[in-house]
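Participant: attaching a predicted model along with its sequence, questions to come.
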Amino acid sequence: MKIKHSEYSISEAYRYVENAKETLSKSPVEYGAYTDSKYTREAAGIAYLSALMAIDAYLVWKGLSKDELPSSIEEYMQMIRKKIPLNGKLTAAVNIVYQNLHLLAYYRGGTGVKMIKEGIENCYKVIRMLENAMKSN
């Protein structure tokens, strides 16, 4: 089976989160923190995008056009509330991704291993929830 890597696909979201993990592995760990913030920031940005890509893929699958897709975290949260089932679990996972990866690691340069790993785990949760929702409909 050939996997299609479209900009709006679950497989592309998985590809991004895997790339983030690969980037993160370039930074040594010491005393519970990554020692190279360049790699942690880069990985956090890529992983954060993976979660947003999964949401975009679901919304496109539901019939939204590219022009109707959210352009801010506030708009993503509104779309989750309005258009996606299991929105409580999904909202919680997206909040962790946003806070841990986008705000703390990417913008503020946070390097805590547990914080970043929790963010990446929640990227996988977001992707899997949306993948399963697409399969069940």
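Facilitator: Cool, got the structure. Numbering: from 1, shown residues only.
Participant: output the below-cut-off pLDDT ranges for the chain.
Facilitator: Residue ranges of the chain with pLDDT under 70: 1-6, 137.
Participant: again, only this time at 80
Facilitator: Applying pLDDT under 80 to the chain flags residues 1-7, 85-87, 137.
Participant: which residues of this structure fall in helices?
Facilitator: Using DSSP state H, the helices of the chain run over 10-24, 37-61, 73-83, 87-96, 113-136.
Participant: can you say which of the ones you listed is packed in most?
Facilitator: helix 37-61 (a mean of 23; mean count of other CB atoms under 10 Å). The way it works is simple: take the backbone N, C-alpha and C, and place the C-beta from them, glycine included.
Participant: list the helices and strands it packs on?
Facilitator: Packing contacts for helix 37-61, counted by 3 or more CB pairs under 8 Å, 6 or more residues apart in numbering; DSSP states H and E, involve helix 10-24, helix 73-83, helix 87-96, helix 113-136.
Participant: can you redo these as CSV with distance to residue 41?
Facilitator: Shown next, in CSV, are the helices and strands packed on helix 37-61 (distance: least, CB to CB, whole Å):
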stretch, distance to residue 41
helix 10-24, 10
helix 73-83, 18
helix 87-96, 18
helix 113-136, 10
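Participant: okay if I get the helices of the chain as TSV plus distance to residue 31?
Facilitator: Supplementary listing: these in TSV, determined by distance: least, CB to CB, whole Å:
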stretch	distance to residue 31
helix 10-24	17
helix 37-61	14
helix 73-83	31
helix 87-96	23
helix 113-136	9
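Participant: kind regards, and thank you for your time.
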